[in-house]
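1. Quick one, fold the following:
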Amino acid sequence: MSNAARKRAEAATLPQDDIIAVLLTQHARMRELFAEVHMAQGDEKRARFGELRTLLAVHEAAEEMILRPVAKREAGESEAAARNEEEAEAGRILAELERMDLAGSQFEAKLSEFERAVGEHADHEEQREFPAVRENCSREQRQRMGRRLLTAERAAPTHAHPAAAGSPAAQWAVGPFAALLDRARDA
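-> Residues are numbered from 1 along each chain as shown. The predicted model follows:
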């Protein structure tokens, strides 16, 4: 069973709108999309990368806004700060990838490096933050957080914004405006 399949199976044991279920499902999709981007070419590669970029951008922004404050309380300030630092670095790399030629060898090398970093980041969340949230938040709290996360994702930026990445406060302050610009650009 692949790592993505294991994450989907774990998510399936939780209520559909539980924040941990939502995030595990998204982590699984990210892992699949990295593989799809590596295998695709031309317009298909551009489309798969666009899907990956959007998923990563909205996922990280919403995570910083909804999960991170709870994780800071339940898993510890240093744990939350470490995840925010990883997300800030991911935002910088994602913005760099967006500017690169998708057909070039530099893109593939950078994408592989980024894939490893995103995988390690997801592993840290799944092994450190998620268990603390599961243990210390009720099912109802996690479901409420899941619904809030999905709502935040609908209004989150669809492109990397390194200046706001890694900062829940910046996501709340800048995110809605950046999302408006991103969605206009995407259209």
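
2. Now do the same for Asn3: its pLDDT.
-> Looking at Asn3, its pLDDT is 79.

3. Which residue is the nearest non-sequential neighbour of it?
-> Arg31 (5.9 Å; CB to CB, 6 or more residues apart in numbering). Where you see a C-beta, it was placed from the backbone N, CA and C, and this is true even at glycine.

4. Are there helices or strands packed against the helix or strand containing Ala5, and which ones?
-> For Ala5, the host element (DSSP states H and E) is helix 3-12. The elements that helix 3-12 packs onto, with contact taken as 3 or more CB pairs under 8 Å, 6 or more residues apart in numbering; DSSP states H and E, are helix 19-39.

5. Return the set of buried residues in the helix or strand just after the helix it packs on.
-> Next helix or strand after helix 19-39 toward the C-terminus (DSSP H and E): helix 42-62. Residues 45, 48-50, 52-62 are the ones in helix 42-62 that count as buried (16 or more other CB atoms under 10 Å).

6. which residues of the chain score low on pLDDT?
-> 1, 159-186 (pLDDT under 70).

7. quick one on the thing from earlier: tell me how far the helix holding Ala5 is from the chain's mean position?
-> Taking the mean of its C-alpha atoms, helix 3-12 sits 16 Å from the chain's own mean (CA atoms, centre = their mean, to the nearest Å).

8. Also stretch 102-120?
-> Mean-position distance between stretch 102-120 and its chain equals 16 Å (CA atoms, centre = their mean).

9. Report the buried residues of that stretch.
-> For stretch 102-120, burial by neighbour count (16+ other CB under 10 Å) applies to 102, 107, 111, 114-115, 118.

10. Now do the SS call for Gln16.
-> In three-state terms, and counting by DSSP: H, G, I helix; E, B strand; the rest coil, Gln16 is coil.

11. err, Ala103, not the other one
-> coil.

12. Counting neighbours, what do you get for Glu74?
-> By the criterion of other CB atoms under 10 Å, Glu74 has 19 neighbours.

13. Any chance of the backbone angles for it?
-> phi -90, psi -30 (degrees, to the nearest 10).

14. who touches it in this structure?
-> 129, 132-133, 135-137 (CB atoms under 8 Å, 6 or more residues apart in numbering).

15. let's go with 6 Å and repeat that
-> Applying CB atoms under 6 Å, 6 or more residues apart in numbering to Glu74 gives the contacts 132-133, 136.

16. which of the residues in the helix holding Ala5 are buried?
-> 4, 7-8, 10-11.

17. picking up where we left off before, among the buried residues of stretch 102-120, which are in helices?
-> 107, 111, 114-115, 118 (DSSP state H).
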